[in-house]
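**Q** any chance you could fold what I've pasted below:
(2 chains)
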There are 2 protein chains.
Amino acid sequence: MSTRRKFIKNASIIGAGLFLAPQFSYSSNGSKNDKLNIGMIGVGLRGTHHLNNLLLRKDVNITAVCDIDPVRIDLVLKSIENAGAKKPEVFGKNEYDYRNLLALEEVDAVIISTPWLWHTLMTKEAMLANKYAGVEVSAANTLEECWDLVNTHEQTGTHMMILENVNYRRDVMAVLNMVRQNVFDELVHFRCGYQHDLREVKFNNGKQPYGGGVEFGEKSTSEAQWRTLHSVKRNGDVYPTHGIGPIAAMANINRGNRFVSMTSNATKAIGLHNHVVKGGGENHPNAKIKFKQGDVITSVIETANQETIVVTHDCNLPRPYSLGFRVQGANGLWEVDGNRIYIEGKSKPHQWDTATSWLEKYDHPLWKKYGEYAEGAGHGGMDFFVLNAFVESAKQNIAPPMDAYDAAAWSAITPLSEVSIEKNGEPQEFPDFTRGKWVKRQPYNWIKDSH
Amino acid sequence: MSTRRKFIKNASIIGAGLFLAPQFSYSSNGSKNDKLNIGMIGVGLRGTHHLNNLLLRKDVNITAVCDIDPVRIDLVLKSIENAGAKKPEVFGKNEYDYRNLLALEEVDAVIISTPWLWHTLMTKEAMLANKYAGVEVSAANTLEECWDLVNTHEQTGTHMMILENVNYRRDVMAVLNMVRQNVFDELVHFRCGYQHDLREVKFNNGKQPYGGGVEFGEKSTSEAQWRTLHSVKRNGDVYPTHGIGPIAAMANINRGNRFVSMTSNATKAIGLHNHVVKGGGENHPNAKIKFKQGDVITSVIETANQETIVVTHDCNLPRPYSLGFRVQGANGLWEVDGNRIYIEGKSKPHQWDTATSWLEKYDHPLWKKYGEYAEGAGHGGMDFFVLNAFVESAKQNIAPPMDAYDAAAWSAITPLSEVSIEKNGEPQEFPDFTRGKWVKRQPYNWIKDSH
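**A** The predicted structure is shown next:
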């Protein structure tokens, strides 16, 4: 496929993002050259999940895998063998061995599922190596890294996609459908966030990925090895995209609208310390750690179209999961908490409707068509859709639905929130990563069922 | 009663606020002198509601009423006559005739239910005239007015109470009970607000108080005559206390804690214009009005104890009512939206409980004891409790549960939000209305069932 890709590359940089329809079921007699050759960089829990979903597709080859943990490599080689697929080239001799993967002619695209501090560097180098890059969330840690993504994309003409799966959640896409059909009328206000008790993700016993102990860093395993340090060292919203991604799509951010400024305020940080003491006692070494990340962080974004977006980060306290979505327009609103919708003239005055029937009525065409398959055993639900959009975009070498500008704008929430919190909520300006082009860039051609 | 009041006045300025228990049912053989003589300033819909509740009590006399609208005066004189009570003195010749009411020896206390711009002036003059003052919400429009309340209280030794009824709502008091019993453990984060579609309050046809037309100001009646102008001229949270009052009580604001700073962000203002056009057409004169108040205003307060409080003002768009409460601590949280509670170790992991059984279990002693009466026909529910606290505090001439410092701090949200919004969310410092005394002032003795 590589030749065709190079041929059409320069013509397609400008292409509008699509919520691409899956073709997997139709590419029955595709030749080898119609297949997308994918290299997996990072095959921890998340990368393996992506790999397993990709192995179900007929239009991709896994040509290379990279991980510094040989246990993970063994696991995925076994999966690949079990799937009857060809053995990929293996990398992982050291932390920079991914560069040798990127040098392979037999890799068209890469999926990057590594610790956060590697995301931007690997994505940037993938684009420089002319590999269509998919990167897990968040995409960047600092404003400089946000610019790296944008500048490298513009310099190389190579695309990258931020693999934000929540943009493909069924309720989110139904509400996006309602937004596009103007059910809420002009949009005014949004809420979202990541409210997820991660204490057993941030600490474990070194044997199991979740809980069982209060270790992090070297004495732990899985995400606790690297993720928890961001709670020790940084007071900011370090994980904004599950919330802001869907809202950004609805609000046409970078496509006729943009984030203008943001205030952030953090509470005290007591949740993680309490968790360590409860699980390990007051004399556990980690009980001495001073966690910097406030337990609840509230950011308020102002947009160019004069909406506001409240973004919450709430990951260190006991609580049930909620992304806290609210989408409010001149004609009514959706709130995920309480599962409710009110639409003037349709709902009884001053009374909520249960959202369910609205969400069914406006079920997104993609979900209607492929939902049964996607939610079937092992296909990943929303993960199927996000991966599919990546694969289809990469096969055509067109701009993905969620591109470098989106990755930059969404990820910028992290460093901007840190500065604002440090200054007791002082508003911070968002860089305009589109260099002014947001005024003419077009919204997602989200309904297009291509081909 | 006046002599006794003067006698004990100076000794009692410092008294801690109480959630006073009702005595109405026990003051069976009270002499005239045990009764509190109340003057009503403003008898619109709200003042009349208070009056009707007071007429049910045996421990008060309505000795004076004041309103510039003779229709309202006629109505309440009839109510008073029907209740078999003595005819009060009547004032209302002009806007300043309340001063003659304040000069009456036969008035111990006043209840002020007038348009917002009169609240502070009347409350201040009441205290200067040695009348125990109850004032409807909000209490002040500017920071100077907030200081007026505090300074006049300190100068005169006379008390004032902000009549925030939501502090006495049954669910709110049950959650306050949970807070005091440490069910949530250390408090971290709060949400509240006033989310109420007021379009038919802000506009009417001049005949009925709610809706039927899109007039405000002189061509309208009831609240639309004066309230709507605040939406035309001011971009700020003009009505914060229904939300912040209950949260301030739980967070011990001014009693070991205080509001430190606040950011506010407003959306565009389209709701009221849309409403005018929809109801009156594009050529209606009010369709030309440029409403300044953003439709959704989000404020984030930081407290001295390092909690954050998100306060929402959302009154111009179609939506069902919600005060949006959330109370979150190290051990769990309550959310009014969705009616749900999660308490670690009690609730199933990562799953919400329906709040109902928790709220019943922690039903506040006052509600347990007097709830049946309060919610009986015509007694006003939470309005019974707030009025009762006022009457009992005034009879004893002790500090009320919600005093001048509370009125000032809560009301300060309005002017501070205006400045912050004007500066795109720049954080504003709260004045310390207690002049440092918040560090030693004690929390409400809220459980005390006095006498």
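**Q** tell me which helix or strand in chain A has the weakest average pLDDT.
**A** Lowest on mean pLDDT, DSSP states H and E among the helices and strands of chain A sits helix A:2-9, with a mean of 44.
**Q** could you identify the helix or strand that succeeds that helix?
**A** Using DSSP states H and E, the next helix or strand after helix A:2-9 towards the C-terminus is strand A:36-41.
**Q** for that following strand, the averaged confidence score.
**A** For strand A:36-41, mean pLDDT rounds to 98.
**Q** how about stretch A:191-204?
**A** Here stretch A:191-204 scores 98 as its mean pLDDT.
**Q** need the contact list for residue A:244.
**A** Neighbouring residues of residue A:244 by CB atoms under 8 Å, 6 or more residues apart in numbering or on different chains: A:192, A:309, A:311, A:410, A:413. The C-beta positions use only the backbone N, C-alpha and C, and glycine is treated the same way.
**Q** let's go with 6 Å and repeat that
**A** Residues near residue A:244 by CB atoms under 6 Å, 6 or more residues apart in numbering or on different chains: A:192, A:311, A:410.
**Q** just residue A:279 next, same as before
**A** Listed by CB under 6 Å, 6+ apart, the contact partners of residue A:279 are residue A:214.
**Q** would it count as being in a helix?
**A** Yes: with DSSP: H, G, I helix; E, B strand; the rest coil as the criterion, residue A:279 is part of a helix.
**Q** ok, it to residue A:438 distance?
**A** Going from residue A:279 to residue A:438 by CB to CB, to the nearest Å gives 47 Å.
**Q** same question for residue A:427.
**A** Noted for residue A:427: a distance of 19 Å to residue A:438, by CB to CB.
**Q** tell me which of these two has more neighbours.
**A** Taking neighbours as other CB atoms under 10 Å in any protein chain shown, residue A:427 and residue A:438 compare with residue A:427 leading, 23 against 20.
**Q** need the pLDDT of the more buried one.
**A** Value for residue A:427, per-residue pLDDT: 98.
**Q** who are the contact partners of it?
**A** Contact analysis of residue A:427 by CB under 6 Å, 6+ apart lists A:261, A:263, B:424, B:425.
**Q** for the residue in the stretch 51-200 of chain A that chain B sits nearest to, phi and psi?
**A** Nearest residue of the stretch 51-200 of chain A to chain B, counting by CB to the nearest CB: residue A:189, 4.0 Å away. When read as degrees, to the nearest 10, the backbone of residue A:189 gives phi -150, psi 140.
**Q** helix or strand: which one has residue A:245?
**A** Here residue A:245 sits within helix A:241-250, counting by DSSP H and E.
**Q** can I get the CA coordinates of that helix in PDB?
**A** C-alpha atoms of helix A:241-250 as PDB (Å, rounded to 0.1, in the frame of the first residue of the first chain):
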ATOM      1  CA  THR A 241      -9.800  14.200  26.700                       C
ATOM      2  CA  HIS A 242     -12.500  11.600  27.600                       C
ATOM      3  CA  GLY A 243     -14.600  14.600  28.600                       C
ATOM      4  CA  ILE A 244     -13.600  17.300  26.300                       C
ATOM      5  CA  GLY A 245     -13.300  15.200  23.100                       C
ATOM      6  CA  PRO A 246     -17.000  14.600  22.700                       C
ATOM      7  CA  ILE A 247     -17.900  18.200  23.700                       C
ATOM      8  CA  ALA A 248     -15.300  19.600  21.200                       C
ATOM      9  CA  ALA A 249     -16.900  17.600  18.400                       C
ATOM     10  CA  MET A 250     -20.300  18.900  19.300                       C
END
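**Q** just flag the most distant two among the contacts of residue A:427.
**A** Using CB to CB, the two most remote members of the contacts of residue A:427 are A:263 and B:424, lying 8.7 Å apart.
**Q** of these two, who's got more company?
**A** Just comparing residue A:263 and residue B:424: by other CB under 10 Å the higher neighbour count belongs to residue A:263, 30 against 16.
**Q** surely that one is within a strand?
**A** Yes: applying three-state DSSP, one finds residue A:263 inside a strand.
**Q** who's it bridged to?
**A** residue A:300 (DSSP bridges).
**Q** ok, it to residue A:280 distance?
**A** Residue A:263 is 36 Å from residue A:280, where distance means CB to CB.
**Q** just residue A:37 next, same as before
**A** In terms of CB to CB, residue A:37 sits 46 Å off from residue A:280.
**Q** same question, residue A:438
**A** Distance, residue A:438 to residue A:280, using CB to CB: 48 Å.
**Q** spell out which residues of chain A are next to chain B.
**A** A:188-189, A:261, A:263, A:265, A:267-268, A:270, A:274, A:295-296, A:298, A:300, A:302, A:306-308, A:310, A:318-320, A:330, A:332-333, A:337-338, A:342, A:344, A:350-352, A:424-425, A:427 (CB under 6 Å from any CB of the partner chain).
**Q** so which of the residues you listed are in strands?
**A** Mapping these onto strands (DSSP state E) picks out A:188-189, A:261, A:263, A:265, A:296, A:298, A:300, A:302, A:308, A:310, A:332-333, A:342.
**Q** buried subset of those?
**A** Among those, the ones that count as buried by 16 or more other CB atoms under 10 Å in any protein chain shown are A:188-189, A:261, A:263, A:265, A:296, A:298, A:300, A:302, A:308, A:310, A:332-333, A:342.
**Q** quick one: these as CSV, columns for distance to residue B:433 too.
**A** Converted to CSV, those look like this (distance: CB to CB, whole Å):
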residue, distance to residue B:433
A:188, 33
A:189, 31
A:261, 30
A:263, 24
A:265, 21
A:296, 26
A:298, 25
A:300, 26
A:302, 30
A:308, 29
A:310, 28
A:332, 39
A:333, 36
A:342, 38
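**Q** so where's chain A uncertain?
**A** Applying pLDDT under 70 to chain A picks out residues A:1-33, A:377, A:444-451.
**Q** break it into its domains for me.
**A** Split into domains by automatic domain parsing, chain A comes to A:3-165, A:167-363+A:404-439.
**Q** closest one to residue A:378 among those domains?
**A** Per CB to CB, nearest to residue A:378 of those: domain A:3-165, 6.7 Å.
**Q** that closest one: how far from the chain's middle?
**A** In terms of CA atoms, centre = their mean, to the nearest Å, the centre of domain A:3-165 is found 14 Å from the chain centre.
**Q** can you check stretch A:314-331 too?
**A** Relative to the mean C-alpha coordinate of its chain, stretch A:314-331 is positioned 17 Å out (CA atoms, centre = their mean).
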